[in-house]
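1. Sequence first, predicted model second:
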Amino acid sequence: MTARILDGAALAAQIREDLSKRVAELAGAGVQPGLGTVLVGDNPASATYVRLKHSDSAEIGIASFGEHLPTSASQAEVEAVIRRFNADPAIDAFLVQVPLPKGLDEAAALLAVDPDKDVDGLHPVNLGRLVMGAPGPLACTPSGILELLVHYGVEVEGRHVVIVGRGLTIGRPLALLLALKRPRCNAAVTVVHTGVADLGRYTRQADVLVAAAGSPGLIKADMVKPGAAVVGAGVTIEGKNRLVSDVEESVAEVAGWVTPRVGGVGPMTRAMLLSNCVLAAERRVSSPSA
């Protein structure tokens, strides 16, 4: 068996094309979506991520607003920028790029973001909305994974999904999303982690296996149920720029579907971030007094 590829890059391109049309419709109403970023310090990876977000925004007509503070910035200075972005009507959604430099309270900074402008969908208010099944920004990587599975015809509803990893950005919100009693979700979800004894005992039960542990080569072929869909959401950077997946390449010989090492989940995360920004702008048009 050779797995079918869950091509996130191709799907993300389609999503961006659709978003660009929606941005054009907003322009007809006199509105340009605005995405903001708050970058603190000189972490090269963080700088690259922020640059890509602004590049993606420009490609589809979203206005960019960036604030780059030095490593020496105080908590008060960071939160002052956040308050300014919260109050700026031109910025529909924004993010604080993490990790923040040592000495800064990351949790406090993230809590200071207006939940309705939380483009990452990770504010506690938005996670609470997710628990309740209420409308609100969805975490970008989990929503991107769901869109990827649905687009390529992978059944989720009523199936057993095993998520390896319990992090805030992927594992926990993905489990909440896929367990919701609503179309496209409604799965039986098991969350495990690298500290579990005999991890393969759990992963071999999965109809859909999501590896989000950030542990290179964690998932091997003998840990996968034949025909399962395997999503490598966890990546590690080795050397200067080589991305290494949580999923070994040999898994493609057993799985029914698999994400590629490059061009799988990453492009979908970026596309869903843009989607959250456009949705926020559309809410601004439909509720101008909000």
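-> Received the coordinates, thanks.

2. And what about residue 39, helix, strand or coil?
-> State at residue 39, reduced to three classes by DSSP: H, G, I helix; E, B strand; the rest coil: strand.

3. Verify the contact between it and residue 68 for me.
-> Yes. With contacts defined as C-beta atoms under 8 Å, residue 39 counts as touching residue 68 at a distance of 4.7 Å. In short, each C-beta sits where N, CA and C put it, glycine included.

4. more crowded one of the two?
-> Under the neighbour definition other C-beta atoms under 10 Å, residue 39 and residue 68 were set side by side, and residue 39 has more, 20 against 15.

5. so how far is residue 252 from that one?
-> Separation of residue 39 from residue 252 (C-beta to C-beta, to the nearest Å): 36 Å.

6. repeat for residue 235
-> 17 Å.

7. Over to residue 117?
-> From residue 117 across to residue 252, the span is 40 Å (C-beta to C-beta).

8. of the two, who's got more company?
-> Using other C-beta under 10 Å, the more surrounded residue of residue 117 and residue 252 is residue 117, with 24 against 20.

9. ranges for the helices of this structure?
-> Using DSSP state H, the helices found in the chain span residues 8-28, 44-60, 75-87, 106-111, 124-132, 140-151, 171-179, 199-203, 265-286.

10. Highest mean neighbour count out of the ones you listed?
-> Highest mean neighbour count of those: helix 140-151, a mean of 24 (counted as mean count of other C-beta atoms under 10 Å).

11. Return that one as CSV; C-alpha atoms alone will do.
-> Presented in CSV, the C-alpha positions along helix 140-151 are these (Å, rounded to 0.1, in the frame of the first residue of the first chain):
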residue,chain,number,x,y,z
CYS,A,140,-5.5,27.7,13.3
THR,A,141,-3.6,24.4,13.2
PRO,A,142,-6.6,22.3,14.4
SER,A,143,-9.0,23.9,12.0
GLY,A,144,-6.5,23.5,9.2
ILE,A,145,-6.1,19.8,10.0
LEU,A,146,-9.9,19.3,9.9
GLU,A,147,-10.2,21.1,6.6
LEU,A,148,-7.4,19.0,5.2
LEU,A,149,-9.0,15.7,6.2
VAL,A,150,-12.5,16.7,5.0
HIS,A,151,-11.1,18.0,1.6
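
12. Pull out the C-alpha coordinates of stretch 78-89 and format them as CSV.
-> Output in CSV follows, covering the C-alpha atoms of stretch 78-89 (Å, rounded to 0.1, in the frame of the first residue of the first chain):
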residue,chain,number,x,y,z
VAL,A,78,4.4,44.9,25.4
GLU,A,79,0.9,45.2,26.9
ALA,A,80,0.7,48.8,25.8
VAL,A,81,1.1,47.7,22.1
ILE,A,82,-1.5,45.0,22.7
ARG,A,83,-4.0,47.6,24.1
ARG,A,84,-3.3,49.9,21.1
PHE,A,85,-4.0,47.0,18.7
ASN,A,86,-7.2,46.1,20.6
ALA,A,87,-8.4,49.7,20.1
ASP,A,88,-7.3,50.2,16.5
PRO,A,89,-10.4,49.8,14.2
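
13. now that stretch: how far from the chain's centre is it?
-> Relative to the centre of its chain, stretch 78-89 is centred 23 Å away, using C-alpha atoms, centre = their mean, to the nearest Å.

14. Repeat that for stretch 54-73.
-> With C-alpha atoms, centre = their mean, you get 18 Å for stretch 54-73.
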